[in-house]
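A.B. asks: just coords:
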């Protein structure tokens, strides 16, 4: 069992930055693929960024070059650094964990989810 708690969301002006933090508790954190997803009103949930247990990363095209995902296995924490934020980045951001890379990267699913944190970017 893994519990995920996100923090770091908020209101920021376009062009600004935020860092989201996902604190995980439970066993074997290091074996999980971790993902950050987001869902805007009226839109489907989408993968923003993912990181495997080995540290390989994947990004949505819309955030490449602006966002960076990282993990600290010793602290059982995953981060999402978001720079050059734009109004279209406004959404609820969710942290997710799964033992299978494909669930996070391809199936928009995961065994464990956080409660979400709101990110609002004003123009």
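C.D. replies: Structure received. Since we're looking at a predicted model, the values are computed, not measured.
A.B. asks: Contact partners for residue 90?
C.D. replies: 40, 119-121 (Cβ atoms under 8 Å, 6 or more residues apart in numbering). No exception for glycine: its C-beta is placed from N, CA and C like everyone else's.
A.B. asks: And for residue 49?
C.D. replies: Taking Cβ under 8 Å, 6+ apart, one finds 35-36, 57-60, 63, 67-69, 80 in contact with residue 49.
A.B. asks: hmm, 6 Å instead?
C.D. replies: Contacts for residue 49 (Cβ atoms under 6 Å, 6 or more residues apart in numbering) come out as 36, 59, 67, 69.
A.B. asks: for residue 95, same thing?
C.D. replies: Residue 95 neighbours (Cβ under 6 Å, 6+ apart): 4, 6, 22, 114.
A.B. asks: Can you give the strand pairings for the helix or strand containing it, parallel or anti for each?
C.D. replies: Assigned by DSSP states H and E, residue 95 belongs to strand 91-98. With DSSP bridges as the test, strand 91-98 is paired with strand 33-39 (antiparallel), strand 112-113 (antiparallel), strand 117-122 (antiparallel).
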